[in-house]
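Student: Mind looking at a prediction? Sequence and model below.
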Amino acid sequence: MIAPSILSADFSNIREDVKLVESAGADILHLDVMDGHFVPNITFGPKMVKDIKQITALPLDVHLMISEPEKYVGDFAEAGADWISVHHEASFHLNRLVNQIKELGCKAGVVINPATSVDVLDEILPVVDYVLLMSVNPGFGGQKFIGSSVEKAKKLKGKLERINSGALIEMDGGIDLGNMKKLKDAGVDVFVAGNSIFGSGDAGKAIAEMKKILNS
Ligand code: DX5
Ligand code: ZN
């Protein structure tokens, strides 16, 4: 699946940018929520999610890079989020939070930062719908892909297979046409891409080329 991240879109032209990636074949839309506390950047809150819900049929994949996510998951679900992911590093009671997200009717994902080992996920893996592996330090678009993320995806894939889990592996940060094939082979199912789509000059063409790699 291809999940364009609107972080790199033009917020003053968001309707057109969303329509463009939707008609180019995007599978879901990745929305990065940042609070200036958990990460050193600020983006938007539930209102933006609600407004985007009105202009697209794509499922909304909300990536919460915020402190105290348990306070806000209800607001994002109400705004129209279909998938909600929360950081392992931001939650003291992750099992409760993941169940809370599922009870809200959303797919629940857990995210880990580049410096966090996939081993911390062992107890939560049977409960999650997806795991989001950060392949850059969260906070900004357009950063360089951290190469060791490929091995991390392989390790996580092995863990999921051993417990017969159908949970998806999503990867986020620095993804482009040059690293997608090896990530696909490593077990990545959902590819978040901001800069390599919206910064390419031709978002439609970028998505078409990405789809070619995923279907090869
Ligand atoms: C980074 C965000 C990403 C970001 C990825 O903190 O979580 O979703 O938009 O952007 P690119 O694809 O440009 O690295
Ligand atoms: Zn993200």
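Tutor: Yep, it's here. Numbering: from 1, shown residues only. Ligands and ions are numbered 1, 2, ... in the order given.

Student: Run a quick neighbour tally on the closest residue to ligand 2 within the chain.
Tutor: Nearest residue of the chain to ligand 2 (C-beta to the ion) works out as His63 at 3.8 Å. In this view, the C-beta of every residue, glycine as well, is placed from N, C-alpha and C. A count of nearby residues for His63, using other C-beta atoms under 10 Å, gives 27.

Student: Run through the bridge partners of it.
Tutor: Beta-bridge partners of His63, counted by DSSP bridges, are Asp32, Ser85.

Student: so who does it touch?
Tutor: The contact partners of His63, taken as C-beta atoms under 8 Å, 6 or more residues apart in numbering, are 30-33, 85, 111, 132, 172, 192.

Student: what does Ala108 give?
Tutor: 83-86, 98-99, 101-102, 127-130.

Student: Going by distance to Pro69, which of those residues wins?
Tutor: Val86 (4.4 Å; C-beta to C-beta).

Student: average pLDDT for stretch 185-193?
Tutor: Mean pLDDT, stretch 185-193: 98.

Student: do that stretch and ligand 1 meet?
Tutor: Yes. Using C-beta under 6 Å from any ligand atom, stretch 185-193 reaches ligand 1 at 192-193.

Student: quick one on the thing from earlier: quick one: which of the contacts of Ala108 sit in strands?
Tutor: 83-86, 130 (DSSP state E).

Student: out of these, which is most surrounded?
Tutor: In terms of neighbour count, Ile84 stands highest of these at 29 neighbours, by other C-beta under 10 Å.

Student: which bits of the protein sit near ligand 2?
Tutor: Residues of the chain lying close to ligand 2 by C-beta under 5 Å from the ion are 32, 63, 172.

Student: What distance do you get for the first one to ligand 1?
Tutor: To tie it back to what came earlier, the one meant is Asp32. Note on Asp32: its distance to ligand 1, by C-beta to the nearest ligand atom, to the nearest Å, is 5 Å.

Student: repeat for His30
Tutor: For His30, the distance to ligand 1 equals 6 Å [C-beta to the nearest ligand atom].

Student: who are the neighbours in contact with that residue?
Tutor: His30 makes contacts with 3-6, 61, 63, 172, 192, 194, as judged by C-beta under 8 Å, 6+ apart.

Student: repeat for Ile42
Tutor: For Ile42, the contacting residues are 34-36, by C-beta under 8 Å, 6+ apart.

Student: Next: Glu78.
Tutor: Neighbouring residues of Glu78 by C-beta under 8 Å, 6+ apart: Pro46.

Student: at 10 Å what do you get?
Tutor: If a contact means C-beta atoms under 10 Å, 6 or more residues apart in numbering, then Glu78 has 46, 49-50, 104 as its contacts.

Student: Please convert these to a markdown table, extending it with neighbour count and pLDDT.
Tutor: Formatted as a markdown table, the contacts of Glu78 follow (neighbours: other C-beta atoms under 10 Å; pLDDT from 0 to 100):
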| residue | neighbour count | pLDDT |
| --- | --- | --- |
| Pro46 | 18 | 98 |
| Val49 | 22 | 98 |
| Lys50 | 16 | 98 |
| Leu104 | 15 | 98 |
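
Student: contacting residues around the helix or strand hosting Glu161?
Tutor: In this assignment (DSSP states H and E), Glu161 forms part of helix 149-162. For helix 149-162, the surrounding residues in contact (C-beta under 10 Å, 6+ apart) are 112, 114, 116-119, 121-122, 125-126, 128, 131, 133-136, 146, 165-175, 179, 182-189.
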